[in-house]
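Colleague: below are the sequence and a predicted model for it; my questions follow.
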Amino acid sequence: MSRKQDLIFILIVLLIFLPFLLSKELLEFYRHVNREHGIITSFVKFSILATMGELIGLRIKTGNYYKKGFGIAPRMIVWGFLGISIKMSFVIFASGTPVLIEYLGLQNATEIFRGAFSFDKLLVSLGISAALNIIYAPLMMTFHKITDIHIVNNGGTLSGFFKPIKFREILVNLNWDIQWNFVFKKTIPFFWIPAHTVTFLLPADLQVLFAAILGIALGIILAIADFA
């Protein structure tokens, strides 16, 4: 049964991505839409890819890609809006951090970041990634955990999802030992900062797509966190 589930999951993934790899016209259409409607495509990419990561995480934890109360649709909604916030944070930090780096002494950091690959560009990208993950990522990860608990507490239904979130109750009872000692202290410096350094070295139209693909890794990381 498990192998059958894996085969079905792989086939679904191939059906989603293979057309873009086989058709230059479809790939160019994606790039055009991504350039013109980056916010919308960020919603779509994260709602699909990051939720896919959570399904893989569920598979690791339970042996199945689905269980009652998991709430695929609510999770897709949450990831879609988180995707929008991630796109916004990329724009903000990619624009503002090079200016800060220039203020700190590295001349022409903005031009270096926009130019061809070099050691200086690697340093600027590292700085952008560090700022993004130290300032924005903990808030995003905590908000995601709150919505995750909210979805499960309300049976994974759409109607339950739209009930008021009990922020105070969830925050008080959150497992901060795992959230701080694993999710923040380990995954941010050892995975997310290096991974997003690579992200910022990519062309702008591929950055959010790569970040969304990293959302698959996030689902696996969160699954490991539940075992920590």
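Modeller: Perfect, thanks for sending it.
Colleague: what's the first helix or strand after the helix or strand containing Leu139?
Modeller: Using DSSP states H and E, Leu139 sits within helix 137-153. Beyond helix 137-153 on the C-terminal side, the first helix or strand identified by DSSP H and E is helix 158-161.
Colleague: between the biggest helix by length in the chain and helix 137-153, how many degrees?
Modeller: The helix that spans the most residues within the chain, counting by DSSP state H, is helix 72-104. Counting by axes from the mean of the first three to the mean of the last three Cα atoms, to 10 degrees, helix 72-104 lies at 170 degrees to helix 137-153.
Colleague: what is the mean pLDDT for helix 72-104?
Modeller: Regarding helix 72-104, the rounded mean pLDDT is 95.
Colleague: just stretch 212-220 next, same as before
Modeller: The average pLDDT within stretch 212-220 is 76.
Colleague: go ahead and name everything in contact with it.
Modeller: Contact partners of stretch 212-220, identified using Cβ atoms under 8 Å, 6 or more residues apart in numbering, comprise 42, 45-46, 48-57, 60, 79, 83, 191-192, 195-196, 199. Yep, even glycine has a C-beta here, placed from its N, CA and C like the rest.
Colleague: hmm, try it at 6 Å
Modeller: Here stretch 212-220 makes contact (Cβ atoms under 6 Å, 6 or more residues apart in numbering) with 45-46, 49-50, 52-54, 56-57, 195.
Colleague: next one: stretch 138-145
Modeller: Residues from elsewhere that reach stretch 138-145 (Cβ under 6 Å, 6+ apart): 183-184.
Colleague: CA-only coordinates of it, as PDB, when you get a sec.
Modeller: Extracted in PDB, the C-alpha atoms of stretch 138-145 (Å, rounded to 0.1, in the frame of the first residue of the first chain):
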ATOM      1  CA  PRO A 138      11.000  33.300  13.000                       C
ATOM      2  CA  LEU A 139       7.800  35.300  12.700                       C
ATOM      3  CA  MET A 140       6.700  33.400   9.600                       C
ATOM      4  CA  MET A 141       7.500  30.000  11.100                       C
ATOM      5  CA  THR A 142       5.700  30.800  14.300                       C
ATOM      6  CA  PHE A 143       2.600  32.100  12.500                       C
ATOM      7  CA  HIS A 144       2.600  28.900  10.400                       C
ATOM      8  CA  LYS A 145       2.800  26.800  13.500                       C
END
